[in-house]
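1. got a structure for you, letters missing:
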């Protein structure tokens, strides 16, 4: 996967709002799509690894969907809290000739700020 | 168990000096990755080690960059003759296997500033 794009670049919401971000990627040679949360001064934390078209995963108030045919994934946060403030990264891995590649291609990230 | 650790956490160096960044992966993980994030950029792949196979060095930006992984565990990323454009956060990650469906576990990073 050569080009992963995320939108928006940044987002400001009020506590309690629900929000969502988009990750788009080339649908050819798709193998897996990863979502990470990266808080300032901490390690990026894995949220989801998604592989199947139509996949939907959930972790607490955060959920994600995957459409491999059209090449996009959405991340949703329900009832945002100030502690959700972080950079949300998506990354893709490709599959060529039956060989999967461990290396990830990351998008630029979406910076979420949740105001109390 | 212990996560991925990196040292130093911060490094300030002068242009032209060499630097070494260290990564201790999670014990038993066969795959180890190096990425970096320059200011205003996304995370950029540098190199990855996949067990006993040859490393994938396709992301190294120049021949000033090299990395090794000794005994299948600790890895060192070396930057020779540092330039200001090398300033970035360097992140190391490991996964149980070198497979794109495996979660990668990241360390806290080394923040490198080249003056």
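-> Alright, I've got the coordinates. Just so it is clear, the structure is predicted and the values come from calculations on it, not from any experiment.

2. which ones are touching the nearest residue to residue A:46 once chain neighbours are set aside?
-> For residue A:46, ignoring the flanking residues on the chain, the nearest one in space by CB to CB, 6 or more residues apart in numbering or on different chains is residue B:103 at 4.6 Å. C-betas here are computed from N, CA, C, even on glycine. For residue B:103, the contacting residues are A:34, A:46, A:49, B:95, by CB atoms under 8 Å, 6 or more residues apart in numbering or on different chains.

3. can you count the residues close to the residue of chain A found nearest chain B?
-> Nearest residue of chain A to chain B (CB to the nearest CB) works out as residue A:93 at 2.7 Å. By the other CB atoms under 10 Å in any protein chain shown criterion, the neighbourhood of residue A:93 contains 25 residues.

4. give me the beta-bridge partners of it?
-> In this structure, residue A:93 has beta-bridge partners residue A:32, where bridges are defined by DSSP bridges.

5. pretty sure it contacts residue A:104?
-> Yes. Here residue A:93 reaches residue A:104: they are 5.5 Å apart, a contact under CB atoms under 8 Å.

6. can you pull the contacts of residue 73?
-> Let's take chain A. With contact taken as CB under 8 Å, 6+ apart, residue A:73 is in contact with A:22, A:23, A:24, A:25, A:33, A:35, A:50, A:64, A:65, A:66, A:67, A:90.

7. correction: the question concerned chain B.
-> Listed by CB under 8 Å, 6+ apart, the contact partners of residue B:73 are B:24, B:25, B:27.

8. which ChimeraX command selects the buried ones in these?
-> Selection of buried members from the contacts of residue B:73 for ChimeraX, criterion 16 or more other CB atoms under 10 Å in any protein chain shown:
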select /B:24,25
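
9. can I get the contacts of residue B:73 in JSON lines including pLDDT and distance to chain A?
-> Putting those into JSON lines (pLDDT from 0 to 100; distance: CB to the nearest CB, whole Å) gives the following:
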{"residue": "B:24", "pLDDT": "96", "distance to chain A": "13"}
{"residue": "B:25", "pLDDT": "95", "distance to chain A": "13"}
{"residue": "B:27", "pLDDT": "92", "distance to chain A": "17"}
